[in-house]
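*Asks:* mind folding the following:
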Amino acid sequence: MAQMAQSLLYGFYGDDFTGSTDVLEQLAEGGVPAVLFLRAPDAALRARFAEARAIGIAGDSRSQSPEWMDAHLPPVFAALGEGATVHYKTCSTFDSSPTTGSIGRALDLGLAAFPGKAAILVGAPHLRRYVAFGNLFAAAGAEVFRIDRHPTMSRHPVTPMHEADLIRHLAGQSDTRVALVSLEAIRAGQAGDAFDAVQADAVLFDGVAMEDLAAAGDVLLSRGVRFAAGSSGVTRALVLAWQAAGLIDGQPAELRAGAVDQLLVISGSCSPVTARQIARSASDGFAATLADVGALLDGSEAEEARLADAAVAALTGQGKALIHSAEGPLDAAAPAAGEKLGQALGRVAGQVVRRAGLQRLLFAGGDTSSHGVAQLGIDALTWAAPIERGAPLVRAHSADAGVDGLELVLKGGQMGGDGFFETVRLGG
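*Replies:* This next block holds a predicted model:
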């Protein structure tokens, strides 16, 4: 483990799998060798990726309780603690609640593991997510909305965002004192002074442009910040700081994905964006099968078999199969069932991958990706190629020969254009 401390720049825990692969993309663009583990790695697994200067662990805390976090996050932080900076990676929409996916509780646990002033950076201009004077804004299509007025995130079925002021949002989840380094301070070249001056446990940085991320990254690096929470804006900020300091000299990865003859899409997303993609898929030649969600939640093996049979038949016939559980936002009275549904859909995907000898698989939806991928027997993921910003192609590493080498795209509900499914099949 001492050798790891000499080479690692950065460790991160992703609160869902889609966000975790987003971090791999940011690191690849900076030329930083990285690996994403699907569990805390033992020495043998870590040794398989000895060249990595950044390591991550993909998790599902976004859908878990604070009590779950108390039990599971401290050992994860300990496993990542060899790196110079440890990052609790959240979705760039920062959606969470006091009872589900509490970013406040994760912040508390991070501060306990890594004493000192923590940083919070949520703005991610590369994803069209912006923080101005402490308030979060996110794009939906051509427009940008304050997060509490966002057409999807304000109505999220599990963690709807009703507060755009991120300090107020966190105050409902934690007693941690959070202060702000504002755009005014950043643009005046005073980000470091402002960070030093505030009497707080954690500091939120505004960010609406790459220059703001660069300023924040310089503060994190120059002040030796050990713990940060937030979006892949944290990663981009650190990459910019490492480049400026000469700590990395790797060239950005420039691989491109090729097309495949077969693609399976598994969607548990309720997003309007994904709904448009599902609607478009028929004209792109995908054979769609709607899941009986009630049967899946009841553990019906017959329903899982029906979905797998339909997908294999479609892949054999036309090479394009879609299994989906929804076609847009659910009724407000619909029960939250992300974990059980994601697990069931993951089991279906595993059957199809092995039966069809599939090379590429797309999961749509954060919970679906997190809980579904966990069913496939994957040990680690590495970046393979760009597809679309925030949803890269990654490669699976597994002791299971039927899964090893599988290419995946893990798409958050808000990601991608209407023809995204076919874009993934064609390789970008």
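
*Asks:* show me the shaky parts of the stretch 201-350 of the chain.
*Replies:* For the stretch 201-350 of the chain, residues meeting the criterion pLDDT under 70 lie at 253, 330-337.

*Asks:* could you redo the last one with a cut-off of 90?
*Replies:* Where the stretch 201-350 of the chain drops to pLDDT under 90, the residues are 249-257, 269-273, 326-340.

*Asks:* just the helices in it please.
*Replies:* 210-222, 233-245, 272-281, 293-297, 301-317, 338-356 (DSSP state H, counting those that start in this stretch).

*Asks:* looking at those, which is closest to residue 140?
*Replies:* Among those, helix 272-281 comes nearest to residue 140, with 7.6 Å by C-beta to C-beta. Yep, even glycine has a C-beta here, placed from its N, CA and C like the rest.

*Asks:* looking at the helices of the stretch 201-350 of the chain, which is buried most?
*Replies:* helix 233-245 (a mean of 24; mean count of other C-beta atoms under 10 Å).

*Asks:* any chance of the helices of the stretch 201-350 of the chain in a markdown table, with distance to residue 66 too?
*Replies:* Listed next are the helices of the stretch 201-350 of the chain as a markdown table, based on distance: least, C-beta to C-beta, whole Å:
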| stretch | distance to residue 66 |
| --- | --- |
| helix 210-222 | 26 |
| helix 233-245 | 22 |
| helix 272-281 | 29 |
| helix 293-297 | 24 |
| helix 301-317 | 32 |
| helix 338-356 | 16 |
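
*Asks:* so for residue 55, which of these sits nearest?
*Replies:* Judging the helices of the stretch 201-350 of the chain by C-beta to C-beta, what sits closest to residue 55 is helix 233-245, at 12.8 Å.

*Asks:* hang on, the earlier thing: tell me which of the helices of the stretch 201-350 of the chain lies nearest to residue 39.
*Replies:* Here helix 338-356 is closest among those (C-beta to C-beta), at 15.3 Å.

*Asks:* looking at the helices of the stretch 201-350 of the chain, which is closest to residue 413?
*Replies:* helix 272-281 (5.3 Å).

*Asks:* name the element the closest residue to residue 229 other than its chain neighbours belongs to?
*Replies:* Nearest residue to residue 229, sequence neighbours excluded (C-beta to C-beta, 6 or more residues apart in numbering): residue 88, at 4.4 Å. Element membership for residue 88, per DSSP states H and E: strand 85-89.

*Asks:* from the chain's centroid, how far away is the following helix or strand past that strand?
*Replies:* Sequence-wise, the next helix or strand downstream of strand 85-89 (DSSP H and E) is helix 103-113. How far helix 103-113 lies from its chain's middle: 19 Å, per C-alpha atoms, centre = their mean, to the nearest Å.

*Asks:* which strands or helices does the host helix or strand of residue 384 pack on?
*Replies:* Following DSSP H and E, one finds residue 384 within strand 380-388. In this structure, strand 380-388 packs against helix 17-29, strand 34-37, strand 391-397, strand 407-411, helix 420-426, with contacts taken as 3 or more C-beta pairs under 8 Å, 6 or more residues apart in numbering; DSSP states H and E.

*Asks:* understood, closing this out.
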